Structures are given as structure tokens and as C-alpha cells.
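Asker: no sequence for this one, just the structure:
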């Protein structure tokens with residue numbers, strides 16, 4: 001029963017096997033060649049026709065699907081390609097296609113010509129006519145098969161290299177060359193020895209020469225010397241060698257391949273990013289309310305809960321003269337300098353920038369105001385990406401590449417260092433944006449506006465804390481303006497503008513200062529109904545800071561009396577100083593100490609403006625070692641650092657209103673006395689610490705008893721004693737006159 005079932009299964013599987021063999025182009029009967037092929041003088045033989053099919057270089061190569069590989073069709077094609085066969089009485093008896101090698105074995109018979117004559121006739125004809133098969137560039141060629149070819153249906157592919165093994169004596173190089181040369185030009189022919197086996201390796205300049213030599217000479221018996229040639233394809237690299245190479249270099253190759261793949265994918269999106277950056281700069285796909293027809297606006301406004309565009313209020317400009325200068329520079333077609341609009345916080349820089357953006361919508365706005373000391377380069381990169389619309393940014397892919405390169409660096413022990421850093425990615429964003437602006441310039445007409453790059457929040461503290469990003473941003477801005485790609489306006493404080501001027505970059509600075517008392521009174525008179533006496537009092541207290549003047553106007557128009565409005569504004573300023581400056585009423589501790597802040601409050605109340613270096617190198621700031629405290633106060637907008645006409649740095653209150661708040665804090669007896677006591681105690685403790693350190697040095701010197709150093713030791717002891725006495729006198733002076741602590 002079992003044998004009957006197995007025999008039935010074999011019969012059922014036979015058609016499937018036949019179909020599979022037909023897909024390869026030949027059957028098992030085609031694989032059988034006669035034990036001895038016809039001699040050259042006989043009238044039958046086998047020809048190898050090349051370039052009938054495209055070479056198969058991979059199992060999934062689809063090109064062979066366009067060609068039929070059946071014997072009947074091949075006979076028909078051969079008769080059309082080589083009509084000389086019919087003219088010379090050459091009969092095709094069988095065709096064995098070998099698609100993966102691009103040709104076929106053609107069994108022929110002729111009653112007139114010998115096999116050698118048939119081969120010569122066809123070779124001459126093909127060289128003269130050079131017929132070509134469909135979709136194949138090389139012409140059809142033919143060679144007489146004089147060996148016993150090995151035809152198989154295994155998954156092997158041709159190569160330019162062939163290996164020749166010998167059964168019998170080893171021929172010399174010249175004899176072997178003469179046997180192989182008719183089938184194609186060879187690049188080299190070498191003999192090799194593996195143990196006791198000697199073989200030859202030949203490399204042809206083309207696949208077809210190696211294929212023809214293997215199919216025509218394999219199994220050929222040479223006469224001098226009497227040896228049999230066995231020819232096989234030799235791959236460039238065997239799979240075992242490739243696997244061994246990967247196995248031995250896995251730690252290096254896998255991360256490198258992953259990193260290269262990630263970099264390739266990342267770079268493939270560059271045209272898409274350029275498209276989105278162009279959209280942001282030109283606003284070509286932005287919703288514009290002002291160009292909509294009136295009847296459409298009315299329909300949208302009548303829809304309940306619709307997201308309609310509000311009427312934009314005209315922004316009040318605090319300094320018309322400065323804004324007009326800024327407008328003229330932005331409208332200039334050939335501006336080559338970066339424009340710095342510098343001034344303290346609240347003086348109207350952002351208002352001017354917003355009005356400028358309304359007038360010139362083409363461009364990019366980069367807002368850095370949300371970043372502080374604790375912001376990382378990655379945070380800045382993300383802000384830059386969103387500002388210029390660098391989409392898709394593929395941040396996760398960039399981070400993956402960075403991790404892979406770090407693994408490569410660890411695997412190679414530092415031989416290959418990571419290159420895809422955040423800083424490099426920031427440079428890529430800048431370069432892509434500049435490339436887009438360059439393309440837009442080439443297409444821009446003379447009447448078209450120049451794009452405006454608006455950078456807000458570029459302060460001196462930002463430059464000090466984020467040096468790399470600030471440097472690259474300034475370099476990019478200078479490059480963009482120098483080549484006329486766009487106008488760049490930087491909203492900054494005075495220190496950032498001064499630092500940029502000192503860097504040697506071409507900069508034009510427009511400085512905004514607090515307006516005069518007369519200007520403030522005129523503004524209040526226009527926007528409120530105060531009397532002249534009230535205007536004089538309010539203007540003197542508010543100073544010329546736009547943000548405080550606007551706050552006062554809002555309160556007056558809301559129903560407050562001038563006294564109530566001023567008390568509210570001053571109370572808010574006092575609360576700001578207590579909370580941000582002294583850490584009172586908040587869980588966050590400032591970078592500086594309370595005595596340092598109290599020292600600054602007293603100085604600015606007394607002198608209005610103090611020299612930066614005198615404060616920095618005072619004892620309260622560790623003789624210049626605690627500059628980060630002053631920088632942090634500047635970031636918190638408690639003080640502002642300006643440059644005097646003499647070129648020195650000076651410290652001012654961040655807002656003129658703070659002078660009134662400082663006076664109120666000093667008038668608060670409880671707060672003032674407590675802070676004075678803490679300040680004096682801090683200074684006394686500092687002097688006592690110095691005395692203790694001097695005492696230790698003095699004891700150390702007393703223990704030194706070398707005879708040659710007696711005189712030097714005595715001098716040093718005298719100096720230490722004098723310094724101790726000086727510190728003791730300072731302590732007594734502080735206790736007798738606490739106000740002396742504020743003397744610079």
C-alpha cells in the first residue's frame with residue numbers, strides 16, 4: 001500500500017518538476033551531452049551562441065521574464081538572426097537554452113560542410129552583420145563547442161573569473177593562453193598551488209569571454225600535453241570570505257552600515273526641507289485675511305465659534321525716529337550690514353519688530369526669548385527648526401545616528417569619533433536655509449521685497465551662555481546680508497550689540513533708550529486726561545520706559561486714579577524685586593545671595609549708575625570670582641549692563657521705575673535693618689575668615705626654624721600681623737559705621 005501511494009505521488013509531482021525545469025529553459029534530457037562530441041572534420045556538432053538573453057546576476061533579476069526560453073522559439077529566433085544557416089544547408093537538430101548565462105547550445109548537422117567549416121562560416125557572418133537580440137547591446141556571437149560542457153540548473157551565476165583545473169600534465173602559460181584567447185581578451189592568467197593541487201586563474205575583460213571559454217572548453221582533452229581541462233566560474237569573493245570578513249569586523253561594520261543608512265535617509269529629504277523652508281519664507285501657502293473678498297469675510301465672521309482673523313491693532317511706536325531709520329534700511333535693496341536694534345527690556349524693540357514684520361511678511365522670525373541659562377544646544381536646535389520650518393527634521397533619526405556613531409567610537413577605542421553632533425545639525429539647518437534664500441534671490445524681480453530675518457532675544461547673557469549657537473547665528477546672519485539674500489534685524493540689549501561691534505562683523509546699530517520726561521508727558525497727555533501737575537509727577541516716577549507708561553495708561557483708562565495707578569505699578573515692581581531679587585515668596589532660590597542683591601539695591605539707589613568692574617571686584621562678589629551672579633541678575637531683568645561713552649561697562653537698574661521701588665525698600669525699616677545686619681555680618685565673617693587663615697599661616701611660619709631663612713620668615717610674619725590688624729580694624733569700622741559697606 002505504501003509503495004503504491006509513493007508511486008502515485010511521484011507521478012503527480014512529475015508535471016510540477018517538468019514545469020520548474022521549463023522555467024529554467026531546459027529539461028533533464030537537454031542536460032545529456034554525448035560522451036564524445038563530433039570531431040572537427042565531422043558534419044555535426046554543437047555551437048554556443050552568446051548574447052541571446054541578458055545575463056542573470058541575481059535570483060530576482062526580472063529581465064529574463066521578457067524573453068521566451070523554449071526551444072521552438074529559439075530555433076525561430078536563430079533562423080531570423082542568422083539566415084546564413086539556412087543558406088548553407090545547416091540544420092538545427094536541438095537547442096539547449098542557458099538563460100542565466102545569456103545564450104544557448106545549438107546542436108546542428110550539415111551534409112555539405114564540416115563542423116569546423118560551419119563554425120567558421122557563422123563566426124565570419126556574425127562579425128560582419130553583428131545581429132543583436134532584443135534589449136541587448138552586444139551582438140550575437142558563436143563558438144564551436146570542442147569540450148564536454150557541464151549544463152546544470154543550480155543557482156549559480158557567471159563571473160569574469162574562471163578557474164582551470166587539469167587532469168594530467170600541467171600546460172605552460174603560453175599553451176593555455178592560446179587555448180583561451182579565442183573566446184575573449186584576458187586581463188591576466190596566473191597559476192596557483194593549493195597543497196598538491198595546481199590550477200590556473202584567468203580573468204576576462206567581459207563576462208561573455210569567461211562564459212564562452214567555460215562552455216566550449218570544459219572537458220576538452222588537449223594533445224600537447226595530454227591533459228583534460230576542467231573550467232568553472234570563480235567568484236570575486238566567495239561567500240565564506242565575505243562571512244568571515246563580517247564576522248571578524250562586526251563591531252565596526254554594523255554600526256558603520258547603520259550610520260551610513262541613516263545619513264542616506266536623512267539626506268534624501270533635503271529637497272522636501274527646502275520646499276517647506278521656501279513656504280515659510282515666501283508665505284505662499286499662508287492664510288491671508290487681508291486678501292479675502294469682503295463677502296467671504298462677512299460669512300466667516302457670522303459663523304458661531306469660528307476661528308476668524310481679528311483686526312490687528314496698530315502698534316504704537318515709542319521712538320518714531322529710530323523706526324523710520326530702521327524702515328529705510330530694510331527697504332534698501334543692497335544692504336550688507338546686520339542691523340542691531342539694541343535697548344533695555346520694555347523700550348519698544350519687540351513692538352518695532354512686530355510692526356516691521358507686518359510691513360514685510362516675507363522672511364523668518366527666530367525668537368530666542370524663551371531660552372535661559374539652562375537651555376541646551378538641542379533646545380536651541382529645535383527652536384531654529386520650528387522657526388525656519390525645517391520639515392521633516394527627523395530628530396529621532398538624527399539621535400539614532402548619533403548613538404550609533406558613539407557606539408562606533410567606543411568599538412574603535414576612539415579611532416573613529418562621532419561626527420553627527422547637535423552642533424553639526426544646527427549648521428545643516430543654517431546651510432539649507434541659506435541655500436533656499438540663494439535660490440529665491442535668483443528668481444526675485446527688482447520690484448519684489450527682500451526677505452526679512454527677524455531675530456529676537458539675542459542678549460549679552462545669551463551670547464555668554466550659548467557661545468556656539470550665538471557665533472553660528474551671527475556668522476550666518478553676516479553671510480546672508482553680505483550676499484544680499486535677506487535683511488537681518490537683531491533685537492538685542494546694549495551689551496550684545498557692543499560685543500557684535502567688537503567682533504569685527506559689519507554691524508549697524510540703532511540704540512533705543514528711555515525717552516525724555518517731555519516725551520513721556522506728551523504721550524500721557526495724548527492717551528489720558530491728567531492735569532499738568534499730575535503729568536509731571538507721573539512722568540518723573542515712570543521714567544521713559546514704554547512698558548511702564550503703557551501699564552499706567554491701561555490702569556487710568558480702566559478707572560484708577562493717578563495715585564492708585566502709580567501705587568499699583570510701584571507695588572508690582574517692589575514685589576518683583578522681593579521675589580526675583582531676594583527669593584522672598586518663592587520656592588526657587590536665586591543664583592546670587594540676598595546680601596549681594598541688597599548691596600546692588602543700595603548702590604543703584606545712591607549712584608543711579610555704578611562701574612561694572614568696581615562691583616565685580618568688590619568683596620561681596622569674591623573679588624571678581626562671582627561674575628555669574630551679576631550675569632544672572634541681568635538675565636532676571638533686575639539690572640542692565642550698558643557701555644559708557646568711555647567704553648567701560650556700567651550697571652543700571654533694569655527699569656527706571658525700580659529706583660522708586662529701591663527707595664521704598666530702603667524706607668521699610670524692618671526689611672532695611674535686617675538686610676543691613678546680614679550684610680555687615682557677612683563682611684565681618686569674611687574678615688574673620690581672613691584673620692583665621694592668616695593665623696594659620698603665621699603658626700606655620702613660626703614652626704619653620706631653618707637658619708638661612710630667618711630674615712625672610714621674619715618679614716613674612718610682620719606682613720601677616722599687619723594684615724590681621726588691618727582686618728580687625730575693618731571689623732571695628734563696620735560695626736561702628738555699617739553704611740561704609742556700600743562704599744566702592
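Answerer: Perfect, thanks for sending it. Quick caveat: nothing in here was measured; it's all calculated off a predicted structure. Residues are numbered from 1 along each chain as shown.
Asker: residues in contact with the closest residue to residue 184 other than its chain neighbours?
Answerer: Nearest non-adjacent residue to residue 184, counting by Cβ to Cβ, 6 or more residues apart in numbering: residue 209, 2.0 Å away. C-beta coordinates here come from the backbone N, C-alpha and C atoms, glycine included. Neighbouring residues of residue 209 by Cβ atoms under 8 Å, 6 or more residues apart in numbering: 160, 183-186.
Asker: any idea which of the residues you listed has the most stuff around it?
Answerer: Scoring the contacts of residue 209 on neighbours with other Cβ atoms under 10 Å, the highest-scoring entry is residue 183 at 23 neighbours.
Asker: residues contacting it?
Answerer: 143, 204, 209, 212-213, 216-217.
Asker: and those residues, which are buried?
Answerer: Taking 16 or more other Cβ atoms under 10 Å as the criterion, what is buried in the contacts of residue 183 is 143, 204, 209, 212-213, 216-217.
Asker: and which of those residues is nearest to residue 578?
Answerer: Using Cβ to Cβ, residue 204 is the member of the buried ones among the contacts of residue 183 that sits closest to residue 578, with 90.2 Å.
Asker: close enough to count as contact, the closest one and residue 187?
Answerer: Yes: counting by Cβ atoms under 8 Å, residue 204 touches residue 187, with 7.0 Å between them.
Asker: what strand or helix carries the closest residue to residue 122 other than its chain neighbours?
Answerer: Nearest in space to residue 122, with sequence neighbours left out and distances taken as Cβ to Cβ, 6+ apart, is residue 142 at 4.9 Å. Residue 142 belongs to strand 141-144 when assigned by DSSP states H and E.
Asker: which helices and strands does that strand pack with?
Answerer: For strand 141-144, the helices and strands in contact under the criterion 3 or more Cβ pairs under 8 Å, 6 or more residues apart in numbering; DSSP states H and E are strand 44-50, helix 115-129, helix 207-217.
Asker: does the residue nearest to residue 122 have beta-bridge partners, and which?
Answerer: According to DSSP bridges, residue 49 are recorded as the beta-bridge partners of residue 142.
Asker: let me know how buried it is, in neighbour terms.
Answerer: Using other Cβ under 10 Å, residue 142 has 24 other residues around it.
Asker: can you check residue 424 too?
Answerer: As a burial measure, residue 424 scores 12 neighbours (other Cβ under 10 Å).
Asker: list the buried residues in the helix or strand harbouring it.
Answerer: When secondary structure is defined by DSSP H and E, residue 424 falls within helix 422-443. By neighbour count, and taking 16+ other Cβ under 10 Å as the criterion, the buried residues in helix 422-443 are 422, 425-426, 428-430, 432-434, 436-437, 440.
Asker: what of stretch 633-644?
Answerer: Buried residues in stretch 633-644, defined by neighbour count with 16+ other Cβ under 10 Å: 633-643.
Asker: so who does residue 529 touch?
Answerer: residue 556.
Asker: return the backbone torsion pair for it.
Answerer: Note on residue 529: its backbone torsions stand at phi -120, psi 40 [degrees, to the nearest 10].
Asker: tell me the pLDDT of it.
Answerer: pLDDT for residue 529: 83.
Asker: excluding chain neighbours, what is closest to residue 463?
Answerer: Counting by Cβ to Cβ, 6+ apart, residue 463 lies nearest to residue 470, which is 4.4 Å off, once chain neighbours are set aside.
Asker: residue 456 should be in a helix, yeah?
Answerer: No: remark: residue 456 does not belong to a helix; assigned using DSSP: H, G, I helix; E, B strand; the rest coil, it is strand.
Asker: hey, what's it bridged with?
Answerer: On the basis of DSSP bridges, residue 456 takes part in beta bridges with residue 367, residue 491.
Asker: what's around it, how many residues?
Answerer: Neighbour tally, residue 456, other Cβ under 10 Å: 18.
Asker: how about residue 700?
Answerer: In terms of burial, residue 700 registers 11 neighbours under the definition other Cβ under 10 Å.
Asker: and the gap between it and residue 686?
Answerer: Residue 700 is 22 Å from residue 686, where distance means Cβ to Cβ, to the nearest Å.
Asker: same deal with residue 382?
Answerer: Between residue 382 and residue 686 the computed distance is 44 Å (Cβ to Cβ).
Asker: how about residue 273?
Answerer: Where residue 686 is concerned, residue 273 sits at a distance of 57 Å (Cβ to Cβ).
Asker: and those two? which has more neighbours close in?
Answerer: Neighbours per residue (other Cβ under 10 Å) separate residue 273 from residue 686, with residue 273 holding more: 23 against 16.
Asker: so which bits of the helix or strand containing the more buried one are buried?
Answerer: Element membership for residue 273 (DSSP H and E) is helix 270-282. By neighbour count, with 16+ other Cβ under 10 Å as the criterion, the buried positions of helix 270-282 are 273-274, 276-278, 280-282.
Asker: elements contacting it?
Answerer: With contacts defined as 3+ Cβ pairs under 8 Å, 6+ apart, helix 270-282 has these neighbours: strand 363-367, helix 422-443.
Asker: next SSE after the first one?
Answerer: The one in question is strand 363-367. The C-terminal neighbour of strand 363-367 among helices and strands, as given by DSSP H and E, is helix 377-388.
Asker: what packs against that following helix?
Answerer: In this structure, helix 377-388 packs against strand 363-367, helix 422-443, helix 467-482, with contacts taken as 3+ Cβ pairs under 8 Å, 6+ apart.
Asker: relative to residue 567, which of these is closest?
Answerer: Per Cβ to Cβ, nearest to residue 567 of these: strand 363-367, 33.9 Å.
Asker: between the helix holding residue 273 and helix 377-388, how big is the angle?
Answerer: Helix 270-282 runs at 60 degrees relative to helix 377-388, counting by axes from the mean of the first three to the mean of the last three Cα atoms, to 10 degrees.
Asker: thought residue 143 was touching residue 51?
Answerer: No: look at residue 143 against residue 51 with Cβ under 8 Å: they stay out of range, at 11.8 Å.
Asker: counting by contacts, list what the helix ranked longest in the chain packs against.
Answerer: Taking DSSP state H as the assignment, the helix of the chain that covers the most residues is helix 669-702. Other helices and strands packing on helix 669-702, by 3+ Cβ pairs under 8 Å, 6+ apart, are helix 594-607, helix 657-667, helix 710-736.
Asker: hey, what's residue 94 bridged with?
Answerer: residue 107.
Asker: what strand or helix carries the closest residue to residue 489 other than its chain neighbours?
Answerer: Leaving out its chain neighbours, the residue that sits closest to residue 489 by Cβ to Cβ, 6+ apart is residue 339, at 4.7 Å. When secondary structure is defined using DSSP H and E, the element that contains residue 339 is strand 338-342.
Asker: between helix 467-482 and that strand, find me the angle.
Answerer: Strand 338-342 runs at 120 degrees relative to helix 467-482, counting by the same axes, to 10 degrees.
Asker: rewinding a little: turn the helices and strands packed on helix 270-282 into a markdown table, columns for mean pLDDT and distance to residue 623.
Answerer: Output for those, formatted as a markdown table (pLDDT from 0 to 100; distance: least, Cβ to Cβ, whole Å):
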| stretch | mean pLDDT | distance to residue 623 |
| --- | --- | --- |
| strand 363-367 | 92 | 38 |
| helix 422-443 | 88 | 35 |
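Asker: can you check which of these gets nearest to residue 156?
Answerer: Taking Cβ to Cβ as the criterion, residue 156 comes closest to helix 422-443 out of the helices and strands packed on helix 270-282, the separation being 45.9 Å.
Asker: and the angle from that closest one to helix 270-282?
Answerer: Counting by the same axes, to 10 degrees, helix 422-443 lies at 60 degrees to helix 270-282.
Asker: nearest to residue 390 among the buried ones among the contacts of residue 183?
Answerer: Taking Cβ to Cβ as the measure, residue 390 sits nearest to residue 204 out of the buried ones among the contacts of residue 183, at 51.3 Å.
Asker: ends of stretch 459-476, how far apart?
Answerer: In stretch 459-476, first residue to last residue: 17 Å (Cα to Cα, to the nearest Å).
Asker: so what touches it?
Answerer: With Cβ under 8 Å, 6+ apart as the criterion, stretch 459-476 contacts 338, 366, 368, 371-373, 375, 377, 380, 423, 426-427, 430, 433-434, 455, 458, 492-496, 498-500, 503, 505, 631, 634-635, 641.
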